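>>> Build me a model:
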Amino acid sequence: MNANVRIFLIMAIAALPAACAKAPETERISQPFTYEGYSQAVFGEVARNSTYVTMSDGARIAAEVYLPEGFTGSGVEPEKFPTIFVLTPYMRLKVNSETGEIVPRKSSRPDETVENFTSHGYAVVVADARNYGASEGSALGFGWRYQKDAGELVDWIAQQSWSDQNVGMVGGSHPGWTQIAAASNMPAALKAIAPAVIPMDGFTGQFFPGGIWLQGFLEGTGRSERYAQQFADRNRNLVPAPAVDEDGDGELLDEIPLDLDDSGTFLDDYDENEGPWPPQYSDGLSREHVYFQVFRGRVDVEGPNWPVEPFIDAKAPGGESGRDIEVNMVPKVAESGVAIYNIAGWFDGFVRGSFEWYSTLKDTNPSKIVVFPGYHNLVKGFMYDEYGVEVPDVRAEYLRYFDHYLKGIDNGIDTESPIYLYNMFGDGWRAEEEWPLARQELTPLYLGPGQSLSADAPTRTDAETHAVDFGHDRRYGENQSGRWMGLGSFAPLGAPIVNAQEKKSLTFTSEVLTEDTEVTGHPIVELHVSSTEAYGDFFIYLSDVDGEGKSLMVTEGQLRAGWHKVYDNDEMIDGAPVDVKPELPWGGYERDQWVDGALADGKIVRLTIDLAPTSWRFRTGHRIRVAIAGSNFPNFSLHPELSPSNDPNAQDTIEPTIEVHWGKQTQSRIVLPVIPRSD
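Okay, the predicted model is just below:
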């Protein structure tokens, strides 16, 4: 690789939105998604360089370094820059295996682009996580060694001659997690992070929500991550880019060994003992085989599957527990004092975690949160496609944030309201001062006779019976996605219309609303249930039913009955005096806290389930509905005691009959955080 591969960005800079153009000297605006007059695009070119960074255990991490060039501003051209850093398992740089084109990393989330930052005087570093892309080394995904890498890479950035020792990080999902890992190592140069769509407790957030294996997403993630590890998918033409251009010709495709048998991988083509050897290349030149050795030495660590037991205190071979996936990093992140801009989506599977990060650390770290009406990729989904929500200028928001915390520009982002959320079918974008909202009115609606949902508690004791149907599947849209499958960044193509799914559920519906009712916060469901079987999973849904009967799913939650006991949510962190906020139900999830056969002998058990937070206005003429199901397959696996083969149609699968109880001692209800109208 040539030391400097210059990429001219004149056309890209010209296409930047007005928020990035130079504004009149007298016009300065800094507010969410609008940023004018404070920061200009003054670099028209960028120099790219590939390198390896050696970690403390000897593993080499592939990194791409982008430096601003082509200064067009006034005054002295800067020689040192603040740095935006991304650490990702999703290939820092790609090569088209058919054309040889070099393709920089581009997130599925908006405006995490290199030119957005380099044009405004930031260096950018994008690195392959160990065991992925072109990086060496093996480690348990989300484990201690993996976490340590993030901090060491920030330290390396700070030591470079072009660095002004101010580092910020961006990225969502896994690259959001790496920001937390970096902050937990407390590198001095890390000043601000912007983690998007991540859980706080990775065990129940990502692997076992409500104690139930998140099958659909994790199986898909396993396939995509093994591709990035093994270079083994012959149907993809974008492959991990080498970090060393051994022949120095500026081309990268010729650094990848030939796939002699057209099997989809070159790893089965070469062997020093049995031949052929050495690896062959398209240009016929000899090499030291850096790229080949990286992939041959790779260990396929089953990252998505490492918590092999459904207990948060279960240990991986290296000693990490389920808490060590993420939540045990909270105390060190708090101690670091790093600024945190949490970025969330109402329909993202990790939205509870985003609010936990914000609420728990707002008193120790400068903290903000913005919540989009979208899924894991934030700006896609039915609210944009069908209800006309405009995609805001996320590019401007990143610049506002990092200009303040990395460049010291006094643009007021640190003094404005810390919460900016989208209220669906109501006010749209609006600012808030606290979470949960101080003005919320916790309003119970009781499940009762005739599958009713009412503000009045039932006066008699009774129950509603439901035969569980393991064919219940809450995916929707043309591509069969949703909150959970959408964690793979594939937002549903269509609105969450769930009338068909509700036929396989037990539903309770309110009377027609006589006034608009806003729900913003964490709905909590309290159920008293019994079953014909000793085991069971419970999936709860809140829906908005319009005047024609169309039911839109608003939010959801789930719980395995064996985790029905409620513990202090501060216990999700090992031994640290951290007040985890908001105060939400916590099932403990330790081996000794599991209640085996919780529903045995017809016992009535109380379940307390928080639904994912939302901000939704139920409009006049609509109705509120709560639906209860005994499965959500294949989003979640079936209970192993009810379906040993995890197959709804298997002969040994048992579909129980459940009862939902109500009455003075066994009230079942949903408590909604209702926000009174101010007009």
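
>>> OK, contacts around the nearest residue to G482 once chain neighbours are set aside?
Using Cβ to Cβ, 6 or more residues apart in numbering and skipping the chain neighbours, the partner closest in space to G482 is R475 (5.0 Å). C-beta: built from backbone N, CA, C; applies to glycine. By Cβ atoms under 8 Å, 6 or more residues apart in numbering, R475 lies in contact with 481-482, 485, 492, 635.

>>> if you set the cut-off to 7 Å instead, what comes out?
481-482, 485, 635 (Cβ atoms under 7 Å, 6 or more residues apart in numbering).

>>> what about the helices in the chain?
Taking DSSP state H, the helices of the chain run over residues 10-14, 114-118, 144-158, 174-184, 202, 215-230, 290-296, 330-336, 351-361, 382-385, 394-407, 499-502.

>>> just so I know, which of these lies nearest I413?
Of all these, helix 394-407 sits nearest to I413, with 5.0 Å by Cβ to Cβ.

>>> avg pLDDT for that closest one?
Per-region confidence: helix 394-407 scores 97 on mean pLDDT.

>>> if we can go back for a sec, now go through the contacts of R475 and say which are in strands.
In strands, judged by DSSP state E, none of those are found.

>>> Most neighbours among those residues, which one is it?
Comparing the contacts of R475 by number of neighbours (other Cβ atoms under 10 Å), G482 comes first, having 27 neighbours.

>>> about what we covered before: out of the helices of the chain, which is closest to V605?
So among the helices of the chain, helix 351-361 is nearest, using Cβ to Cβ, at 22.9 Å.

>>> So what touches the closest one?
197-201, 205, 330, 333-334, 340, 342, 344-345, 367, 369, 435, 578, 580-582, 612-613.

>>> just the contacts of R475 now: which is nearest E416?
For these, the residue nearest E416 by Cβ to Cβ is G482; the value is 33.4 Å.

>>> quick one: that closest one from Y291, how far?
Distance of G482 to Y291, given as Cβ to Cβ, to the nearest Å: 38 Å.

>>> In strands, which of the contacts of helix 351-361 fall?
Per DSSP E, strands hold the following members of the contacts of helix 351-361: 340, 342, 344-345, 367, 369.

>>> What is the nearest of the residues you listed to G408?
I340 (18.0 Å).

>>> Next, count neighbours for E641.
Residues contacting E641 under the criterion other Cβ under 10 Å number 14.

>>> about what we covered before: same list as before, the contacts of R475 that is, but in CSV and with distance to R92 and pLDDT included.
Below are those laid out as CSV (distance: Cβ to Cβ, whole Å; pLDDT from 0 to 100):
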residue, distance to R92, pLDDT
S481, 27, 96
G482, 30, 96
M485, 26, 94
N635, 31, 97
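
>>> which among those residues gets closest to A467?
For these, the nearest to A467 is N635 (20.6 Å; Cβ to Cβ).

>>> Looks like the closest one contacts E219 (just checking).
No - using Cβ atoms under 7 Å, N635 is not in contact with E219, being 10.8 Å away.

>>> Tell me how many other residues crowd the closest residue to W213 other than its chain neighbours.
Nearest-residue entry for W213: S637, 4.2 Å, with adjacent residues in sequence omitted and distances by Cβ to Cβ, 6+ apart. Counted by other Cβ under 10 Å, the residues lying close to S637 total 21.

>>> And for S531?
Counted with other Cβ under 10 Å, the burial measure for S531 works out to 24 neighbours.

>>> hang on, isn't V126 packed against R92?
Yes - applying Cβ under 7 Å, one finds V126 in contact with R92, separated by 4.2 Å.

>>> Mutual contacts of the two, please.
The contact sets of V126 and R92 overlap at 64, 105 (Cβ under 7 Å, 6+ apart).

>>> Now tell me which helix or strand of the chain has the poorest mean pLDDT.
Here the helix or strand of the chain ranked lowest by mean pLDDT, DSSP states H and E is helix 10-14, holding a mean of 29.

>>> who's in contact with L87?
127, 129, 150, 153, 175, 178.

>>> if you set the cut-off to 8 Å instead, what comes out?
Going by Cβ under 8 Å, 6+ apart, the list of residues near L87 reads 127, 129, 149-150, 153, 169, 171, 175, 178-179, 182.

>>> And F266, by the same measure?
Each residue near F266 by Cβ under 8 Å, 6+ apart is listed here: 231, 256-260, 279, 292, 295.

>>> Going by distance to P373, which of those residues wins?
Once Cβ to Cβ is applied, the member of the contacts of F266 that ends up nearest P373 is F231, at 37.6 Å.

>>> what's the pLDDT at that closest one?
Looking at F231, its pLDDT reads 47.

>>> again, but for E112
pLDDT recorded at E112 is 57.

>>> for D313, same thing?
95.
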